[in-house]
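*Asks:* would you be able to build a 3D model of this:
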Amino acid sequence: MSTKDRLELLQGTLDLLILRTLQPRPAHGHAIAKAIERSSEEVLRIEQGSLYPALHRLIKRGWIAYEEGTSDNNRRAKFYRLTVKGRRQLAVETSNWEKLARAIARVLKTA
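*Replies:* Residues are numbered from 1 along each chain as shown. Predicted coordinates for the structure are as follows:
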C-alpha cells in the first residue's frame, strides 16, 4: 500500500492503539508499531517520530512502564507494559472511541 493510501490518525488515537497493543503482553517500540500495522492490515503506519513521543507521554501519565531487555535480534530495548492505571485508561479510551465512531456513523448516514 502506498503512503498516500494510508490514513492519518486522529489526535489521541495513537495512545489508544498503543494501550490496546500492550494489553496482552509487553513489547518493545518496533514490535508495537509492527503490531499496529499488521492488525490494521497495513493501513496504519506508525513512524518513530510519532511512536516514541507517545510512549514517553504514556509513561509520564503512568499508563505504561518499561523494563530494559534484549530484543529478538539481540539488541538492547525497552519493553513497555500496561500499568493498572493504563488498563483502566484503556477501558475509558475504548469507550470514548466507540461513542465517537457511532456519532460519526450517524452523521454519515444522514448526510
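*Asks:* can you tell me the element the residue nearest to residue 28 when sequence neighbours are not counted falls in?
*Replies:* Leaving aside its chain neighbours, residue 28 sits nearest to residue 77 (3.9 Å; criterion: C-beta to C-beta, 6 or more residues apart in numbering). Where you see a C-beta, it was placed from the backbone N, CA and C, and this is true even at glycine. Taking DSSP states H and E as the definition, residue 77 sits inside strand 76-82.
*Asks:* strand partners of that strand, parallel vs antiparallel please.
*Replies:* strand 27-28 (antiparallel), strand 64-70 (antiparallel) (DSSP bridges).
*Asks:* ok, and what's touching the next helix or strand after the first one?
*Replies:* By that I understand strand 27-28. Proceeding N to C from strand 27-28, the next assigned helix or strand is helix 29-39, under DSSP H and E. The contact list for helix 29-39, computed with C-beta atoms under 8 Å, 6 or more residues apart in numbering, reads 17-18, 21-22, 27, 44-46, 48, 51-52, 55, 71, 77-78, 80.
*Asks:* out of the strands paired with strand 76-82, which is the most enclosed?
*Replies:* Mean neighbour count (mean count of other C-beta atoms under 10 Å) peaks for strand 27-28 among the strands paired with strand 76-82, with a mean of 20.
*Asks:* quick one: average pLDDT of that strand?
*Replies:* Averaged across strand 27-28, the pLDDT comes to 96.
*Asks:* got the CA coordinates for stretch 72-80 in PDB?
*Replies:* C-alpha atoms of stretch 72-80 as PDB (Å, rounded to 0.1, in the frame of the first residue of the first chain):
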ATOM      1  CA  ASP A  72      14.700 -11.000  19.400                       C
ATOM      2  CA  ASN A  73      17.600  -9.700  17.200                       C
ATOM      3  CA  ASN A  74      19.800  -9.400  20.300                       C
ATOM      4  CA  ARG A  75      19.600  -5.600  20.700                       C
ATOM      5  CA  ARG A  76      19.100  -3.700  23.900                       C
ATOM      6  CA  ALA A  77      15.500  -2.500  24.000                       C
ATOM      7  CA  LYS A  78      12.900  -1.100  26.400                       C
ATOM      8  CA  PHE A  79       9.900  -3.400  26.800                       C
ATOM      9  CA  TYR A  80       6.800  -1.400  27.600                       C
END
